[in-house]
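Engineer: coordinates for the following, if possible.
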Amino acid sequence: MPNAPIHPYAQARDINRPRQHAPKTVRFDMSQEKVAEAEQARSKEPACSKEPAYRAQAPVYDPVISENVFQRSLSTPYVLLTSQELLTISPEVRNKYRDLVTPKRVPPTPERIQATLEEVADEELTSPETFLCSDLLTYGKMEECGEIIVPDPVDQYFKGLVPGEIPLHFHVAKESLVLRSIVGLVDVKEKVEAILDPSSQIIAMSEGVCLSLGVAFDPTVRVQMQSANKTVDLTLGLARNVPFQAGSITLYLQMHVVRDPAYDILLGRPFDVLTQSNIRNFFNETQTITITDPNSDLVATIPTYPRGKPRFLGGSFHGE
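Structural biologist: Residues are numbered from 1 along each chain as shown. The predicted structure follows:
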């Protein structure tokens, strides 16, 4: 139908194949001259090249060097290659070099502490400070994997002692230490030294202190006192509710009056029970006692002193 109407989308570009020209059969509006001009224009367009736009090549590669190596290999039994010639003809070697010099992420290495054992000669007695390296290896236990477990040198030193042998550089108890005492205000009159003796069943006061302070006592209440040498003496009587001020706490004690003892006042178990005392000893031979007021719940920590050497300021009492 030469007079057929032109399709409205006859000039539209193909979406699926944008580079493909529309068929000539649908171009009814083009004359023969226009068709010939289009064919001639297409023939003048350069053909599309199938070569890639770029290729990867190492800068060290040189075809001349490859040819020289090839010629040398034909004429000599042994071919000596320089680093440049080796990298030129071997891509695998270049890859190895690249992997070797390329930085990579690695975890931080933990710090290692190296310990050394020194052998000390001229020591007849082995102490914990001079434990020999050979002894460590002797006492060491060999594991299946070949590792040596080194035991504690102090423990091995104890095990190596002869029965009854005293270890070196160890603290031992002293032969004797003096008793500790506190200073208290008795009957609101005078400060008197009082010895702490938790092994005593009573609180005792000497007859001389009782008479000098004018403390009244009941002579009908007498008990037998047995000393450390097993001698038995009768007390003179009982002084009831005697005020005894230790620090800021005032206590009322029941004191048995004793004739000519080796102390002024002896604080026994009744004093510890009444005050709920807590005695703390220190390595430098000092001692403190913490007492509680049973009437007001007031707590006080009082320093103690060696017997016969009380340290206090003021008052009329003077120690030996």
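
Engineer: mind giving me the packing neighbours of the strand or helix carrying residue 183?
Structural biologist: For residue 183, the host element (DSSP states H and E) is strand 180-186. Helices and strands touching strand 180-186, as assessed by 3 or more Cβ pairs under 8 Å, 6 or more residues apart in numbering; DSSP states H and E, comprise strand 190-196, strand 237-246, strand 265-267, strand 305-306. No exception for glycine: its C-beta is placed from N, CA and C like everyone else's.

Engineer: and if we set it to 7 Å?
Structural biologist: strand 190-196, strand 237-246, strand 305-306 (3 or more Cβ pairs under 7 Å, 6 or more residues apart in numbering; DSSP states H and E).

Engineer: who does it pair up with?
Structural biologist: Next to strand 180-186 in the sheet, as set by DSSP bridges, lie strand 190-196 (antiparallel), strand 237-246 (antiparallel), strand 305-306 (antiparallel).

Engineer: hey, C-alpha coordinates of that strand in CSV?
Structural biologist: Extracted in CSV, the C-alpha atoms of strand 180-186 (Å, rounded to 0.1, in the frame of the first residue of the first chain):
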residue,chain,number,x,y,z
ARG,A,180,52.2,-4.7,128.7
SER,A,181,50.3,-2.3,130.9
ILE,A,182,48.0,0.7,130.7
VAL,A,183,47.7,3.7,133.0
GLY,A,184,44.4,4.4,134.7
LEU,A,185,43.0,7.0,137.0
VAL,A,186,41.9,5.1,140.2
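
Engineer: ok, residues contacting that strand?
Structural biologist: Strand 180-186 has contacts (Cβ atoms under 7 Å, 6 or more residues apart in numbering) with 191-196, 213, 242, 244-246, 287, 289, 302, 304-307, 310, 312, 317.

Engineer: hang on, residue 280 in a strand?
Structural biologist: Yes. Residue 280 sits within a strand when classified using DSSP: H, G, I helix; E, B strand; the rest coil.

Engineer: measure it to residue 289 for me?
Structural biologist: 8 Å (Cβ to Cβ, to the nearest Å).

Engineer: do the same with residue 258
Structural biologist: On the measure of Cβ to Cβ, residue 258 and residue 289 end up 23 Å apart.
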